[in-house]
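J.: sharing a sequence plus its predicted fold:
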Amino acid sequence: MDSKLDEKDLAILTLLQKNCRMTAREFAQKIDSPITTVFAKMKRMEQQKIIKEYKAILDPKKLNFGATAFILASFSYRDGEAPLSQRVIAEHIAKFPEVQEVHIISGDWDILIKVKEKDVDAIGKFVIDKLRTVKGVEKTLTCMVFDTTKETTEITLPLNKQLLRKIQ
């Protein structure tokens, strides 16, 4: 973690992860800092790409995207004599709109892909008609999600207990 982040920076980041629609005034009140300090800290963390972007988190089931799958894929690293790049293949897969996450991993598989779609049939169609046609993809293993107990984008930051209590 960037050593230039102080407790107030961490508090702002913690609050942002809970609700990025809070006003600067609300942030300032919660962390006992002037609004100008809050603005400056947020701007600096945006410029440093610590804060990458602000997004709404949607309920996929209410939008008819209730099926989630994690797909493991392995690659052939050669196309004849030409070497294939695992990063290039991962970037290609990441462009499919159904794909939420793509991770290059260790172990028996080369990549882990998270997909959200309307149903099992749509995920099957994605695997057969799109993923398996990507040059270099050798085999896949699809794990359907039956139920999700926790799904978050939050990172637990090391705040002192006194400040953590104050902002909760």
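T.: Now that the structure is in, tell me what you want to look at.
J.: rest of the way, CA atoms for contacts and neighbours
T.: Will do.
J.: state the phi and psi torsions of Glu117.
T.: Dihedral pair for Glu117: phi -150, psi -180, per degrees, to the nearest 10.
J.: how close does it get to Gln168?
T.: Per Cα to Cα, to the nearest Å, Glu117 is found 35 Å from Gln168.
J.: who has more neighbours out of these two?
T.: Neighbour comparison, Glu117 and Gln168: the larger count goes to Glu117, with 21 against 9 (by other Cα atoms under 10 Å).
J.: give me the nearest residue to the more buried one, chain neighbours excluded.
T.: Once flanking residues are discounted, Glu117 sits nearest to Phe65: 4.7 Å by Cα to Cα, 6 or more residues apart in numbering.
J.: ditto for Lys118
T.: Phe65 (4.0 Å).
J.: list the contacts for the one you found?
T.: The contact partners of Phe65, by Cα atoms under 8 Å, 6 or more residues apart in numbering, come to Lys116, Glu117, Lys118, Asp119.
J.: next step: those restricted to helices.
T.: Using DSSP state H, no member of those sits in helices.
J.: confidence-wise, which helix or strand of this protein is lowest on average?
T.: strand 78-79 (a mean of 67; mean pLDDT, DSSP states H and E).
J.: ok, then the element right after it?
T.: strand 82-83 (DSSP states H and E).
J.: packing partners for the following helix or strand past that following strand?
T.: Going down the chain from strand 82-83, the next helix or strand is helix 86-94, by DSSP H and E. Packing partners of helix 86-94 (3 or more Cα pairs under 8 Å, 6 or more residues apart in numbering; DSSP states H and E): strand 99-104.
J.: in the strand it packs on, which residues are buried?
T.: By 16 or more other Cα atoms under 10 Å, the buried positions in strand 99-104 come out as Val99, Val102.
J.: most surrounded residue in the contacts of Phe65?
T.: Busiest of the contacts of Phe65 [other Cα under 10 Å] is Lys116, holding 23 neighbours.
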